[in-house]
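>>> coordinates only, sequence not included:
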């Protein structure tokens with residue numbers, strides 16, 4: 001919940017500034033999201049695996065890394081956490097929250113819904129594939145440092161995806177984050193494109209799982225002599 005609260009507040013801070021130079025800008029938003037994901041994954045990896053994101057959970061479920069019951073439970077808790085986080089922001093800054101759009105994700109003017117969907121698919125694919133690569137069991141056997149460093153590439157992937165897709169969709173790649181902001185802000189435009197921020201991430205996660213299981217796992221690894 002705390003991570004999503006800080007991320008929404010960062011977005012609102014940029015929107016409130018008269019220009020990008022007077023705020024942290026897109027780079028600051030990207031660092032806020034990437035850094036917070038790094039911290040949250042690091043802190044929760046030993047408890048729940050550090051999913052945080054329904055798309056990540058969905059991808060791991062498709063790869064048979066967790067059960068359907070656990071996946072559904074995680075997704076419900078992720079959504080509740082996002083709703084609570086957005087609610088906390090609105091509670092602290094009610095006027096600014098409404099005036100600045102509440103950090104809700106929408107497809108930016110000048111882009112089609114298809115473009116937004118594509119951005120969400122590609123961005124989520126990068127994130128979920130990074131998760132697979134950073135937590136791969138066979139890779140852990142060869143590189144003992146990988147489990148410790150796993151949150152770092154995951155957070156950095158989130159940072160890079162935000163840099164690329166903020167101008168298009170505000171960067172969803174996390175359906176729970178998009179849902180929480182949409183429910184608490186609850187204006188028409190926050191729901192107009194909302195399907196993009198569920199369909200896109202779930203397709204991207206499915207493609208990442210498919211690529212990991214069918215392509216990468218099919219490549220034989222040479223043992224070290």
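Received it, and whenever you're ready, just let me know what you need. Computed from a predicted model, the values in this text were never measured in an experiment.
>>> mind pulling up the pLDDT for the closest residue to residue 211 other than its chain neighbours?
Excluding the flanking residues, the one nearest residue 211 by Cβ to Cβ, 6 or more residues apart in numbering is residue 129, at 6.6 Å. C-beta here means a position set from N, CA and C on the backbone, and glycine is covered the same way. The score at residue 129 is 94. That number is its pLDDT.
>>> so what's the residue count around residue 114?
Using other Cβ atoms under 10 Å, residue 114 has 10 neighbouring residues.
>>> which helix or strand contains it?
Under the criterion of DSSP states H and E, residue 114 resides in helix 113-134.
>>> got the buried residues for that helix?
If you call a residue buried by 16 or more other Cβ atoms under 10 Å, then helix 113-134 has these buried ones: 116-134.
>>> please apply the same query to stretch 98-110.
Neighbour-count burial for stretch 98-110, with 16+ other Cβ under 10 Å as criterion, is recorded at 100-108.
>>> tally of neighbours for residue 50?
Neighbour count for residue 50, taken as other Cβ under 10 Å: 20.
>>> follow the chain on from the helix or strand of the chain with the lowest mean pLDDT and name the next helix or strand.
Across the helices and strands of the chain, mean confidence by mean pLDDT, DSSP states H and E is lowest for helix 2-16: a mean of 49. Where DSSP H and E defines the elements, the next helix or strand beyond helix 2-16 is helix 25-48.
>>> can you check what angle separates that next one from helix 113-134?
Counting by axes from the mean of the first three to the mean of the last three Cα atoms, to 10 degrees, helix 25-48 lies at 50 degrees to helix 113-134.
>>> quick check: closest non-adjacent residue to the residue nearest the centre of the chain.
The chain has residue 174 as the residue nearest its centroid, 3.7 Å off, counting by Cα atoms, centre = their mean. When the adjacent residues along the chain are set aside, residue 174 lies closest to residue 53, with 4.5 Å between them (Cβ to Cβ, 6+ apart).
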